[in-house]
Every structure is written in structure tokens, then in C-alpha cells.
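[1] What follows is a predicted protein model with its sequence.
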Amino acid sequence: MIRVVLTVLVAVALLAASMPALEDARAATTDERLGTESERVERAIGGLAAGSMSVSDPSLAARTTVTIHAPSGVTAARIDRLALVEPERSENASGAALRYRIAGGRDRTVPIAPGATAATVEVVDGPIELRTRGESRLELRLVDDGGPTVEVSRVG
């Protein structure tokens with residue numbers, strides 16, 4: 001009987017000692033997965049801007065959709081908020097960012113800055129709230145707004 005009690009106590013102590021490391025690993029996994037999602041959006045923006053011509057009529061503009069998958073499951077931290085925003089930027093910079101908050105934490109930002117594209121990026125009616133579980137679809141549209149601009153909006 002004493003062995004069973006001691007075994008349970010040791011198991012509980014080990015579990016309690018390992019929980020902070022588990023939470024750190026989940027947060028790191030979430031950071032990594034959202035970084036991958038931002039890179040997918042960057043490539044979609046770059047591909048749209050490189051392979052199309054901007055037009056002033058939005059209904060005729062080249063467009064594509066991209067799906068953002070919010071990390072979930074046992075290996076990912078729970079996300080309280082996920083949004084696509086336009087970060088504060090200088091006059092010459094352009095881009096968007098994924099801003100998210102892991103449960104009980106501070107806001108974190110992953111930039112989406114398509115490097116070599118000549119187009120600016122604009123979040124339409126931003127910030128765009130995204131699902132914290134599952135998928136959110138974004139539409140990218142290349143318009144001429146005084147220069148080539150990729151407008152990002154939410155689908156559905």
C-alpha cells in the first residue's frame with residue numbers, strides 16, 4: 001500500500017515539474033506553425049504580384065485565395081485571438097502581420113512581408129479576425145491603387 005501511495009506521489013511531482021516545459025514546447029510549436037502560415041501567405045502574395053497585372057477595376061483584378069490553418073491539438077498551445085493586421089510601419093514599408101495571443105499570454109506578431117514584390121499590401125477593413133481553431137480563407141486581389149496593391153480580405 002505504501003509503495004502505491006509513494007508511486008502516485010512521485011508521478012504527480014514529476015508531472016507538476018514537467019508542465020512548464022510542456023507549455024513552453026506547445027507555445028514554440030504554435031509560433032513555428034504560425035510562422036509557416038505567414039510564409040505561405042507571403043508566397044501567395046508574391047506569386048500573385050509577379051504573375052499578374054494590376055487593374056483599377058477590382059472586379060477584373062487578378063485574385064487568388066489562401067487558407068490559414070490555426071494550430072490546434074495536443075501539441076499546440078490554445079490561441080485566444082488570431083487576426084491579420086497592418087502593423088505600424090514606416091512610409092516605405094508595406095505588409096501585413098499575423099497577430100495572435102496564446103492563452104494567458106501577450107500579443108505576438110509574425111510579419112508577412114513579401115520581399116521582392118513591387119506591390120504594396122493592404123488589409124481591407126482590417127484587422128481581419130481569423131478562426132482560432134480550424135481554417136480561415138483569405139482572398140488576395142491585385143488592384144491598381146496608385147501602384148500595384150495586393151488587397152487582402154476574408155472569404156466567408
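    In hand now; what should we look at?
[2] and residue 59, how many neighbours?
    Using other Cβ atoms under 10 Å, residue 59 has 8 other residues around it. For the C-beta atoms, the positions are set from N, CA and C on the backbone; glycine is no exception.
[3] typo on my end, it should be residue 53
    Residues lying near residue 53 (other Cβ under 10 Å) number 10.
[4] That one: what's it in contact with?
    Contacts for residue 53 (Cβ atoms under 8 Å, 6 or more residues apart in numbering) come out as 62, 142.
[5] All the strands of this protein, in order from the start?
    Remark: strands assigned in the chain by DSSP state E are 62-70, 79-85, 96-102, 107-112, 120-123, 128-129, 134-144, 148-155.
[6] Tell me which of those lies nearest to residue 15.
    Among these, the nearest to residue 15 by Cβ to Cβ is strand 96-102 (21.1 Å).
[7] pLDDT weak spots in this structure?
    Low-confidence segments of the chain (pLDDT under 70): 89-94, 114-118.
[8] How about the residue nearest the centre of it, nearest residue that isn't a chain neighbour?
    When Cα atoms, centre = their mean is applied to the chain, the residue found nearest the centroid is residue 98 (4.0 Å). Using Cβ to Cβ, 6 or more residues apart in numbering and skipping the chain neighbours, the partner closest in space to residue 98 is residue 110 (4.5 Å).
[9] I figured that neighbour hits residue 36, correct?
    No: the criterion here is Cβ atoms under 8 Å, and residue 110 misses it with residue 36 at 9.5 Å.
[10] So between those two, which is more surrounded?
    A count of neighbours by other Cβ under 10 Å puts residue 110 above the other of residue 110 and residue 36, at 17 against 12.
[11] Run through the residues that contact that one.
    31, 34-35, 37-38, 97-100.
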